[in-house]
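In: I would like the atomic coordinates for the input below:
(2 chains)
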2 protein chains.
Amino acid sequence: MTEVPAGTAVQTSAPAASGRRGRRAVDVPALVERAREGEARSVARLISLVEDASPALREVASALAPHTGRAQVLGLTGSPGVGKSTTTTALVRALRQAGKRVGVLAVDPSSPFSGGALLGDRVRMQDHAGDDGVFIRSMASRGHLGGLSWATPQALRVLDAAGCDVVLIETVGVGQSELEIASLADTTLVLVAPGMGDGIQAAKAGILEVADVFVVNKADRDGAQQAVRDLRYMQSLGGRYSEPGGWRPPICRTVASRDTDNGIDDVLAKVADHRSWLESSGEGHRRRAERAAREIEAIALAALRARIGDLRGSAALGALAERVVAGETDPYAAADELVARL
Amino acid sequence: MTEVPAGTAVQTSAPAASGRRGRRAVDVPALVERAREGEARSVARLISLVEDASPALREVASALAPHTGRAQVLGLTGSPGVGKSTTTTALVRALRQAGKRVGVLAVDPSSPFSGGALLGDRVRMQDHAGDDGVFIRSMASRGHLGGLSWATPQALRVLDAAGCDVVLIETVGVGQSELEIASLADTTLVLVAPGMGDGIQAAKAGILEVADVFVVNKADRDGAQQAVRDLRYMQSLGGRYSEPGGWRPPICRTVASRDTDNGIDDVLAKVADHRSWLESSGEGHRRRAERAAREIEAIALAALRARIGDLRGSAALGALAERVVAGETDPYAAADELVARL
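Out: Have a look, this model is predicted:
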């Protein structure tokens, strides 16, 4: 379950909520309108509002809702050094050539895109080589292992509402982040590189379970064929898609660099195949509903945690604690009473 | 806040709840009665029931409550290698000589006492050299860093109800465990050893904040005087007790080994001084109430998390998720509806 700051789901009745930079009033409907027209500054501002758990967060979420559900969400994960950033760049280039509007959320602390997150520049929003059809946003990661920020689903909604056809979420494949990205993405691309023992590592880390499409990057290097064989062998052992009629993750080979995008078209073709399968099988809708359910749960839990937190120092909790200390009740019975008060 | 397994606070209506080893019925009142008479096997069984989050957990907690609140709780923490286990042994010996009934909860994965926890032998309960006035219990730690098990407060209650005058909790001083132990203990002993740079490390780790009594162990070694000076210097910089009228943690020197207990009597004298201060200042009661409040909160949150978890796959959550996917509502508004249903 995604961690959500305790305060985020607390109701705010302030009609004109203020942003983190002081008492500046936020005109949320106007911001959403301008974001839908593709204005980068408004998109950036909305993401900042959700990322900072601003008091306007709920108003933003409510205003975005009618305009969401269109974007295709691609997750991109892999160990450090496999070439996630060059692959992201190549994918963005190819999607732009196909006339798609693209959003990028970079949660990979090792990515140059997300350098800003580490350096504290979390409001950076830049055009991709002067292209106003690309939004790139670095997200602060939850920790040094690159777990997704709790705000990632909301940032996704902002980019979705801003008319992005595709949103790419890039994260380093360590810790929990590859599981989190798979729960957010329609299609998860797992990158491996030859000679890194990534196949074996991937199997250990359960990355096989999250991949919809494998990409063996740096496929011009020694060991690429072996990496493909390793992946095929591990696929033969079962996994997420081992049931009949399921999707068998294809294995693409790419050589993504500043100069060449070899194999990227094939990756996008496989992504399109997966999208068709998601639609025809009903799995796509099931995943989105599951994702929404998990998000609702996480927000509800954060709200309840905040309510319990609000009771700190209260007479009610103090009285219950005194009764436990006196041996008049036990902590479980006292917790029942506390819950009954919420 | 202490992590509690989600299921532990779910009400069970089973009149004769079963232990983890199958369908064996548990006669909780009889167990508590025998534990109060000092029967080691019953004490062990009760700790197992709380540690395994057995369905009888709530009944156990309720039955223990009237018999708790007597034991003095000593926390003992310090880096690996400072001699926590020999010091624990020496303290137990001295307390026994003073006619006290003693319980030991060893959560230190590096301790020989808690070896059983790592080896899976979590039900070990042994007499201390044939002495039926000592209960020693290894607790499974929450992770390899030795964080306290969520069940530690309950195990403490079992030993308290079993008539222990003193319960010693031994944990390795890494990660969060020294903060956790300080929140459980009436008096926290922080052990350092000469020449380990422990003073500096302690300051960094915030261990100064948790110490009620410092023990420089291996005080016959070179550098003991320097370790004492380091601690005094750091104390001069402030900390938990820097306010006027507060308790200034004394610094004791010990040479605890299998053969000698030099300095242990002084440690126990300082512990007694601290206990007097806790009573006269009201801080002792305040700490116990605070501890109970945190525990109630943690159990309440776990109960709410379990209730939300119970909604997984439910029609209500499914319908809310569908409305979010369709853009008819946003996750925050949906979470409000979910919370309203609880």
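In: avg pLDDT for stretch A:279-293?
Out: If you average the pLDDT over stretch A:279-293, you get 92.
In: How about that stretch, which residues are buried there?
Out: Across stretch A:279-293, burial judged by 16 or more other Cβ atoms under 10 Å in any protein chain shown covers A:283-284, A:287-293. For the C-beta atoms, the positions are set from N, CA and C on the backbone; glycine is no exception.
In: Among the residues you listed, which ones lie close to chain B?
Out: A:288-290, A:292-293 (Cβ under 8 Å from any Cβ of the partner chain).
In: Quick check: helices, which of those residues are part of them?
Out: Secondary structure defined by DSSP state H assigns A:288-290, A:292-293 of these to helices.
In: CSV for these, including distance to residue A:34?
Out: Below are these laid out as CSV (distance: Cβ to Cβ, whole Å):
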residue, distance to residue A:34
A:288, 27
A:289, 30
A:290, 32
A:292, 26
A:293, 31
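In: which of those residues lies closest to residue B:41?
Out: Nearest to residue B:41 out of those is residue A:293 (Cβ to Cβ; 46.1 Å).
In: now the closest one, nearest residue through space, not along the chain?
Out: residue B:321 (4.0 Å; Cβ to Cβ, 6 or more residues apart in numbering or on different chains).
In: how near is the one you found to residue A:301?
Out: Distance from residue B:321 to residue A:301, counting by Cβ to Cβ, to the nearest Å: 15 Å.
In: what's the answer for residue A:318, then?
Out: Distance of residue A:318 to residue A:301, computed by Cβ to Cβ: 24 Å.
In: Between these two, which has more neighbouring residues?
Out: Counted by other Cβ atoms under 10 Å in any protein chain shown, residue A:318 and residue A:301 do not tie: residue A:301 has more neighbours, with 25 against 16.
In: Could you report the separation of the more buried one from residue B:268?
Out: 45 Å.
In: Could you measure from residue A:339 over to residue A:65?
Out: On the measure of Cβ to Cβ, residue A:339 and residue A:65 end up 30 Å apart.
In: typo on my end, residue A:96
Out: For residue A:96, the distance to residue A:65 equals 28 Å [Cβ to Cβ].
In: neighbour-wise, which of those two wins?
Out: Neighbours per residue, other Cβ under 10 Å: of residue A:96 and residue A:65, the larger number sits with residue A:65, 22 against 17.
In: which residue packs closest to the more buried one, ignoring adjacent ones?
Out: residue B:330 (4.1 Å).
In: got a pLDDT number for the one you found?
Out: Confidence score, pLDDT, at residue B:330: 94.
In: wait, it sits on residue A:59?
Out: No - counting by Cβ atoms under 8 Å, residue A:59 is not a contact partner of residue B:330; they are 9.6 Å apart.
In: And those two? Which one has more around it.
Out: More crowded of residue B:330 and residue A:59, by other Cβ under 10 Å: residue B:330, with 27 against 23.
In: where does the more buried one fall, phi/psi-wise?
Out: Phi and psi for residue B:330, reported as degrees, to the nearest 10, are phi -110, psi 160.
In: List the residues that contact it.
Out: A:58, A:61-62, A:64-65, B:324 (Cβ atoms under 8 Å, 6 or more residues apart in numbering or on different chains).
In: Which of these fall in helices?
Out: Per DSSP H, those map to helices at A:58, A:61-62, A:64, B:324.
In: List only buried entries from these.
Out: For these, buried by 16+ other Cβ under 10 Å: A:58, A:61-62, A:64, B:324.
In: what's the farthest-apart pair in those?
Out: Most distant of those, by Cβ to Cβ, are A:58 and B:324, 13.8 Å apart.
In: how near is the residue sitting nearest the centre point of chain A to chain B?
Out: By Cα atoms, centre = their mean, chain A has its centre lying nearest to residue A:152, at 4.6 Å. Here the criterion is Cβ to the nearest Cβ, to the nearest Å. By it, residue A:152 lies 13 Å from chain B.
In: Could you count how many residues lie near residue A:97?
Out: With other Cβ under 10 Å as criterion, residue A:97 counts 10.
In: err, residue A:310, not the other one
Out: Residue A:310 has 14 neighbouring residues, counting by other Cβ under 10 Å.
In: Chain B versus that one, what's the distance?
Out: The spacing between residue A:310 and chain B, counted by Cβ to the nearest Cβ, is 11 Å.
In: low-scoring stretches of the stretch 201-342 of chain A, by residue?
Out: A:201-207, A:238-243, A:257-259 (pLDDT under 70).
In: would you list every one of the strands in it?
Out: Assigned by DSSP state E, counting those that start in this stretch, the strands in the stretch 201-342 of chain A fall at A:213-216, A:251-253, A:255-256, A:261-262.
In: okay, these, which one's buried deepest?
Out: Counting by mean count of other Cβ atoms under 10 Å in any protein chain shown, strand A:213-216 has the highest mean neighbour count of the strands of the stretch 201-342 of chain A, with a mean of 27.
In: Sheet-wise, list the partners of that strand with their directions.
Out: If you go by DSSP bridges, strand A:213-216 pairs up with strand A:187-192 (parallel), strand A:251-253 (parallel).
In: Could you export the ones you listed to CSV, including columns for distance to residue A:135?
Out: Putting these into CSV (distance: least, Cβ to Cβ, whole Å) gives the following:
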stretch, distance to residue A:135
strand A:187-192, 19
strand A:251-253, 25
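In: Sticking with residue A:167, tell me its helix or strand.
Out: Using DSSP states H and E, residue A:167 falls within strand A:166-172.
In: Next one: that strand, is it in contact with chain B?
Out: No - judged by Cβ under 8 Å from any Cβ, strand A:166-172 and chain B are separated, with a smallest distance of 15.8 Å.
In: Show me what that strand is packed against.
Out: Packing partners of strand A:166-172 (3 or more Cβ pairs under 8 Å, 6 or more residues apart in numbering or on different chains; DSSP states H and E): strand A:72-78, helix A:84-97, strand A:102-106, helix A:152-161, helix A:177-184.
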